[in-house]
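1. Any chance you could fold what I've pasted below:
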Amino acid sequence: MWVCSGELRQGPVIHGPSWTLAVRDGKLRLHGTADAPFDYDIEDARIHGAHTIAVLADHDTRIFLDGYEVWSALAPLSGTPVASQGELRPVSLPSELPPDGVAEHIRDLTAHPAPLVPFASMRLSADDARAMGALPELVIHAKFRVRGPGQYGTIVAAGHGGFAVLSASIDGVRGIELTSDNTSVFAEGNWSDGRWHHLALAFTGGAIQIWVDGWLHAHVPGTSPRFNEFSIGQDLAGRRLMGEVGEGGIYGPLNDQQIALLARRAALSQIPVFDSYPTGAFHRIPALTRTSAGTLLAFADRRRDLPNDAPNATDLVLRRSFDEGRTWEPVHTVATFPGEGIDGVAVTDAAAVEDRNGRIHVLADFYAAHTGLLNSRPGPAMDERGVFLEDASGTEYILPGTWPTGPTVVVDSEGTDTQWVVDADGALMKDGDAAGNILIDAELMAVKTAHIGVWTSDDDGATWSHMRLITNQVKDSWMTFLGIGPGNGIRIERGAHAGRLIIPCYFSTEDGTQHSAATLMSDDDGDTWFRGPSPNESREVDGVRVDPRSFTDPALTMTESAIVEVGSRLHMFSRSQHPRVLRTYSDDGGQTWSEVVEDPQLLEIFCQPAATLADDGALFFANASRMLPYRGCGTVYRANKAGERWVARAVNPRHHGYQALAALPGGDVAMLWERETAGIWMTRIPASIFSVD
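-> Numbering: from 1, shown residues only. Below is the predicted model:
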């Protein structure tokens, strides 16, 4: 491992024989060539001045900024590096450290940032207060405690011209409130337990943030107020905190990692699972399941040419881990079809589940070329005879079966053989000669609609069956779109419906503009599937019953969902246009659903959710919870009793999109998550990080 420390500026920082780590536009960039070129923008690694960077190059590459991991990549770095900026030195790590152990060791080697003004008494001097109050960006840090439950008071306060302009106070019942000029920010949490806690108030990048113990708890737009007096452990009138501030200070702008370092927050690893190296493909839409054999199966979209949703050539790929995600087998392609770009087939948005016999079923959306969510035609485009095809004039043909497992002759609408043959991989042959692709050929194409495909494995994910389409089992004739809510499915463990397989799905209104969440279910271990009712089917709003086929109000839309079984109850968490995540539950195995409500504690920015039940019975939920202005702030929530009171941890305060969760032994969970088009990583989320609230 190499460590570089110093004042960093635009340009190269460390370089090796075929790679460079540089600062570009105030952020880190890693680029170079190994077996193939790589170029990573590490957008979450912001550079403001003096920093410490650690680079660990073993089988994979890991980059740490100010004590915390900000990037991991599959691209290897070779040779002995040279510093272009700062001081570079080699550092030896203890042998056989696990990934999180490495992260913790590097954190503990890293020096804390130095304050511009440390707290030395209960007030800053007048000169220091004026100087700090004139800064356009700053971070205020205070290590504090109150001495028992319910105790309260002001932690820090600032004034200007005799008027209060800033106050951070703790309410021992509810949390911490920051008022700054005309802005009020509240961070919910119980920090009146008599322990020391770290409060950081960040006024940087056009935002006001509250961090507690190194975790981001609140974020609103705003700037730092001007002040010329500053109090610590009391308000400006001298009314003191029911406790004390032990240490702290005022800093210039700090990045997320430096704020975490002030609190010596837990260090979480970022194990690369899918990225653009060496294929150049874009990876999105993580799905994760842990089999009964203890194997983690991580699925993803491999978008070969473009990062876009369908229409786009997209493969379904898999990696397996036998050691709780520390190491992974090479990438295995579960499904791929001919065609490139918008002329290609899309297999996307996967979710997997294991049946009672140990067979793994993965369900995913299947689109013909030039087809996606918004231009799918109504109906399943297949029936008991087979899959519907058509030529350029609209004449209908049929591909017998649910999908060919070998060369299959296309028939016309009367059942007569034609000159066309379709192979298992989708290749279209005419008179025995390859002539194109059934899904893109101008002479014969699959009907453009949204299909549901199923693949199965009987050997713990090592090998997979051919695709089987089940669209006609689950999609009504008026539906344009029906698709999977990606992440994972469940098998009901208790009650009258024990053994039932549940996969989240959602479908469109007849005009394709709005959507309703539902489930795909199987009571025969995946041999056949049926669609369960949507919560929208029994939903009343302002006394009017919602019609999933025709409603037009975006406030009623429920799209991608996560399902989890707690006790004998199924809980559904749904993506929506509401400011909070929509929730409903079923006590009869998904046959009926309760009233749809917003969970007041779960923030929503119209992004896919994930949920799972940990081995110790705790409920975990995760989503991207804030726009910054990009989709981000990946937050994991934990609750002991079905989400009655959540404790939140913003594990990825900036870039974060979709994610999937799987329970690990001992109460921890694995989170497979994406930085949108940058790639997919796995982070182990320890239950211990939720214990201080």
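2. Is the nearest residue to Ile490 once chain neighbours are set aside within a helix or a strand, and which one?
-> Spatial nearest neighbour of Ile490, chain neighbours left out: Ile502 (5.1 Å); criterion: Cβ to Cβ, 6 or more residues apart in numbering. From N, CA and C alone the C-beta is placed, and that goes for glycine too. Applying DSSP states H and E as the criterion places Ile502 in strand 501-508.
3. can you give me the end-to-end distance of stretch 2-20?
-> Distance between the two ends of stretch 2-20: 14 Å, counting by Cα to Cα, to the nearest Å.
4. typo on my end, it should be stretch 78-90
-> Distance across stretch 78-90, first residue to last, is 14 Å (Cα to Cα).
5. beta partners for Asp383?
-> Legend: beta-bridge partners of Asp383 under DSSP bridges are Gly386.
6. ok, it to Ser413 distance?
-> Asp383 sits 12 Å away from Ser413 when distances are taken as Cβ to Cβ, to the nearest Å.
7. and the helix or strand that the strand holding Ile502 is followed by, how far from the chain's centre?
-> As assigned by DSSP H and E, the chain's next helix or strand after strand 501-508 is strand 515-522. On the basis of Cα atoms, centre = their mean, to the nearest Å, strand 515-522 sits 21 Å off its chain's mean C-alpha point.
8. buried sites along strand 515-522?
-> Of all the residues in strand 515-522, those buried under the rule 16 or more other Cβ atoms under 10 Å are His515, Ser516, Ala517, Ala518, Thr519, Leu520, Met521, Ser522.
9. Next: stretch 470-477.
-> So stretch 470-477, judged by 16+ other Cβ under 10 Å, has buried residues Ile470, Thr471, Asn472, Gln473, Val474, Lys475.
10. so what's the residue nearest to Ile490 up against?
-> Shown in contact with Ile502 (Cβ atoms under 8 Å, 6 or more residues apart in numbering): Val353, Gly489, Ile490, Arg491, Ile492, Thr519, Leu520, Met521, Gly532, Ile563, Leu570, Gly590.
11. mind listing what the second one touches?
-> In other words, Gly489. Gly489 neighbours (Cβ under 8 Å, 6+ apart): Thr289, Ala351, Ala352, Val353, His361, Leu363, Leu501, Ile502, Ile503, Pro504, Ile563.
12. Neighbours of Ser534, how many?
-> 25 (other Cβ atoms under 10 Å).
13. For Ser574, see how far away it is.
-> Counting by Cβ to Cβ - Ser534 and Ser574 are separated by 10 Å.
14. Report the set of residues contacting both of these two.
-> Joint contacts of Ser534 and Ser574 (Cβ under 8 Å, 6+ apart) are Ala517, Met558.
15. Contacts for stretch 536-550 next, please.
-> By Cβ under 8 Å, 6+ apart, stretch 536-550 touches 478, 507, 509-511, 516-517, 534, 551, 553, 555-556, 558, 592-593, 595-596.
16. That one - what's its average pLDDT?
-> For stretch 536-550, the mean pLDDT works out to 92.
17. how about it as PDB, C-alpha atoms only?
-> Extracted in PDB, the C-alpha atoms of stretch 536-550 (Å, rounded to 0.1, in the frame of the first residue of the first chain):
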ATOM      1  CA  ASN A 536     -54.100  -0.100  -6.000                       C
ATOM      2  CA  GLU A 537     -57.000  -2.500  -6.700                       C
ATOM      3  CA  SER A 538     -58.500  -2.000  -3.200                       C
ATOM      4  CA  ARG A 539     -57.300   1.600  -2.700                       C
ATOM      5  CA  GLU A 540     -59.700   4.500  -2.100                       C
ATOM      6  CA  VAL A 541     -58.600   8.100  -2.400                       C
ATOM      7  CA  ASP A 542     -61.000  10.900  -1.400                       C
ATOM      8  CA  GLY A 543     -63.800   8.400  -1.500                       C
ATOM      9  CA  VAL A 544     -63.100   7.200  -5.100                       C
ATOM     10  CA  ARG A 545     -61.900   3.700  -5.900                       C
ATOM     11  CA  VAL A 546     -58.700   3.600  -7.900                       C
ATOM     12  CA  ASP A 547     -58.900   1.800 -11.200                       C
ATOM     13  CA  PRO A 548     -55.400   0.400 -12.000                       C
ATOM     14  CA  ARG A 549     -56.400   0.200 -15.700                       C
ATOM     15  CA  SER A 550     -57.300   3.900 -16.200                       C
END
